[in-house]
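Asker: could you look at this predicted model? Sequence included:
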Amino acid sequence: MATAAITADRTNYLNQEYGIKSWLLTTDHKRIALLYLLSITFFFFIGGFFALLIRLELLTPAGDLVQSDTYNKLFTMHGQVMVFFFLIPSIPAVLGNFLVPLMIGARDLAFPRINLLSWYLYIIAGVMMLHCILTGGVDTGWTFYTPFSTAFSNTKVIEAGLAIFVAGFSSILTGLNFVVTIHRMRAPGMTWSRLPLFIWAHYATSIIQLLGTPVLAVTLVLVVLERALHLGIFDPTRGGDPLLFQHLFWFYSHPAVYIMILPSMGVVSEIVPCFCRKRIFGYKFVAMSSIGIAVFGFLVWAHHMFVAGISLYSALIFSILSYMVAVPSAIKVFNWTATMYKGSISFATPMLYAFGFIGLFTMGGLTGLFLAALGIDVHVTDTYFVIAHFHYIMVGGAVMGYLGGMHFWWPKISGRMYPEFWGKLAAMIVFIGFNLTFFPQFVLGYLGMPRRYWQYPPEFQVLNVLSTAGSTILAVGYILPMVYFLWSMRYGKIAEENPWGASGLEWMTSSPPPTFNFDHTPEVTWEAYNYENIPAPEEVAVER
Amino acid sequence: MFDTFPLWPARASTTAGSVDALYIFLVALAAFMSVSIFIMIVVFATRFRRRKGVQAEQIEGSTPLELTWTVIPLGIFMVIFVWGAVIYFRERTPPRGATEVYVVAKQWMWKLQHEEGQREINELHVPVGRDVKMIMTSQDVIHSFYVPAFRMKQDVLPGRYTTAWFRATRPGTYHLFCAEYCGTMHSGMIGQVVVMEPAQYEAWLGGGAAMGSLAANGESIFQQLGCSTCHRFDTQGRGPNLAGLFGKPVQLEDGRTVVADENYIRESILSPAAKIVSGFKPIMPVFQGLVSEEQLSALVAYIKSLNQPPAGAAATPSLLPGTKPQQPKVQ
């Protein structure tokens, strides 16, 4: 058993100051990262609770657990909470906030106070969303499709729209901060070609946040104005066009998928080299594929609208462009796999999550090929096939990467090791639970079960029962890490400066780092992932 | 085995088979790719697991390999793109001479009307082997007409017509779903498509109450609303002559030329000022809010029927003043 040794032989960002004020008024990027960690974890469990209720309702074909209106609110708020209050801020605002300055050898982000402002905006948005949920909620689907949202729904559309509007500015400010920081604050010698791929991924993500999110803000304002003042922008009886909304919405919300997945790819690009003791295969290609995804990601939005009433020829264009964006994702998967070749591979928890990410993201990506094929999309769009596909990307991909990153950098964040046995166990449970939850949904979708159905024909029941069973396993897999992370903060083994023997500047300062990160500004004279010069750790600390 | 644990819905239309063929190809491709990557990971993880005294070999990367795994996937993707596009093209191009069914969707019900005049709710009867074109609109929010057995789905929008078509191949009863979330009873907005042998279908058609064809219904609305006072079947009317209009290009006052399709007719009834035909004055009153979607469907069907020459007569390019409009062709 671990002995609870409370040794703080030097000050770090955690014990520099005490008291609630020192947290709420901090401008330290690491403390803000922890504030974000607490807040997004809170919303993750709210969104997860809605998901469990959805799965429980779908256990039987009849609508019997909740009312249909309640069900519609559940899937709407599950989507809104998970997308805007968990997935989009998840890796950038927590791990990105913590690591971007550390990885490039800076003392903080370029605008520390704007960084705190973006957390406060997130909290204001979160409180608005919570208020909306607690006082009746919203039932438009997370997509807010008009004219349902603007003229027919009797729920709190305006409040939810404004909450997401505010959350969007939090996201824009984080992106802005990262872009400026990565451009201006790199340590001497940290050239673009020496940047960790995590930084490249966050750079690409930040560009999407900066350029895409304002469009979402505009769109939501239009919805709010249309609903409040009946302007007629989306209302066909006043000469408006409901499809205009879909174009505007997906112009942001498709790139937003890359806001969620790119940072995860960045995490995996750090974990795989570390546990293979190797430079990543094809550094430049992995870096450039992030930029490629960010650019092409803006050109594929109407693939959400192949049956919505767009013209035949624009459908052809958006189909072919969607295949273009699949290429850089494929390049990444091949490079991660090739990195393992002739490596010296160990299987600590972060690596298990990286394996899980590669497997699930590959399946998510491959099923994306189905959806980009026009003839197939007509049949499977708006069915459970789409649900399964994007959960493989956004849960199988993004959340696996987030958890992998949390385990990888937990020693740096907390100064403690998590229990390795429980970590591995949770990783396995998440992988199994995830597949059991979402794989049956591919079959359900091809069989024709539409999404957002409160009741369904009885022939779909067997697959729905499997999916619900999987979701309970998945829930255990998500609760476990929260429990042992909390446990480890007190009882975990004290982490060394660099427990994994990883490359990267963040490992060259103490765990947890001091408030200003480095005692001396580091000078970089080596390439990224120089694992030939870093000895592997003796044995990954096993905590029992 | 597929009866107890099916992997795809019944195949009951001419496109179902081709969609499934591409699907099966993609499943095979996806299985091959994910299994290959899985095997590679397992093999590498075993062969190159950490051992005492064995160092990793540093490999920078390989441009030829990168190009290989860029170009080959791209090539495969292009094949899938073309294959999928060909199916889509066929699905989206209704054949000439298809029987038309007018669909009006509303929260939470499907209202369908056949050319012959039969009305149905949440149920569509069609014969095997006939092309059927759906002309659809919504009274309120966006819905989506989805028949999994036909692999056919099309969103149904308020304020415009969207179309879809199919040719059923197998008698049976199939699910009709609303696939676009539309509010409280979205999951209750379901129905069935009954595919019948042609003889049975004729019997079913004959069994309904005789209420006249959709076009005939449209004609009486045309008279009631007074359309016929201006839209005369000669060159003397204050509005354009509508005989033979459908499907033809129309020269507009602002110089544009548009094709007179269902959406053009719809718009010209509801908000006539949007597109003024060259040589005419914008004097037609607005009918937005004055005609129901069902009446609009009937009017559109009537105006389309004016393209058919009168039964028994040779093509008559221009009718004499005062001539009664032709009877619509009954298919």
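Answerer: Structure received.

Asker: how about the strands in the chain?
Answerer: Looking at chain A here, since you left the chain open. Across chain A, reading from the start of the chain, there are no strands by DSSP state E.

Asker: you answered for a different chain; I wanted chain B.
Answerer: In chain B, strands defined by DSSP E lie at B:99-106, B:109-114, B:119-121, B:123-127, B:131-138, B:143-147, B:152-156, B:162-167, B:172-178, B:191-196, B:249-251, B:257-259, listed in chain order.

Asker: closest to B:Ser278 out of the ones you listed?
Answerer: The closest approach between B:Ser278 and any of those, judged by C-beta to C-beta, belongs to strand B:249-251 at 4.3 Å. Every C-beta, even on glycine, is put in place using the N, C-alpha and C of the backbone.

Asker: which elements pack onto the closest one?
Answerer: Helices and strands in packing contact with strand B:249-251 are listed as strand B:257-259; criterion 3 or more C-beta pairs under 8 Å, 6 or more residues apart in numbering or on different chains; DSSP states H and E.

Asker: starting at the chain centroid, how far to the strand it packs on?
Answerer: 21 Å (C-alpha atoms, centre = their mean, to the nearest Å).

Asker: got a list of contacts for that strand?
Answerer: Taking C-beta atoms under 8 Å, 6 or more residues apart in numbering or on different chains as the criterion, the residues outside strand B:257-259 that touch it are B:Gly247, B:Lys248, B:Pro249, B:Val250, B:Gln251, B:Leu252, B:Tyr264, B:Lys275.

Asker: at 6 Å what do you get?
Answerer: Strand B:257-259 has contacts (C-beta atoms under 6 Å, 6 or more residues apart in numbering or on different chains) with B:Pro249, B:Val250, B:Gln251, B:Tyr264.

Asker: so which of the residues you listed wins on neighbours?
Answerer: Neighbour counts for the contacts of strand B:257-259 were taken using other C-beta atoms under 10 Å in any protein chain shown; the highest belongs to B:Tyr264, with 19 neighbours.

Asker: what about B:Trp69, distance to A:Gly63?
Answerer: The span separating B:Trp69 from A:Gly63 equals 47 Å under the rule C-beta to C-beta, to the nearest Å.

Asker: quick revisit: out of the strands of chain B, which one sits most buried?
Answerer: strand B:143-147 (a mean of 28; mean count of other C-beta atoms under 10 Å in any protein chain shown).

Asker: which other helices and strands contact that one?
Answerer: strand B:152-156, strand B:172-178 (3 or more C-beta pairs under 6 Å, 6 or more residues apart in numbering or on different chains; DSSP states H and E).

Asker: compare the ones you listed and give me the one nearest B:Leu112.
Answerer: It is, among the helices and strands packed on strand B:143-147 and with distance given as C-beta to C-beta, strand B:172-178, at 9.6 Å.

Asker: now do stretch A:25-40: distance to the chain's middle.
Answerer: Between the centre of stretch A:25-40 and the centre of its host chain there is 17 Å, according to C-alpha atoms, centre = their mean.

Asker: my guess is A:Ile233 meets A:Glu226, correct?
Answerer: Yes. With contacts counted by C-beta atoms under 6 Å, A:Ile233 reaches A:Glu226, the gap being 5.3 Å.
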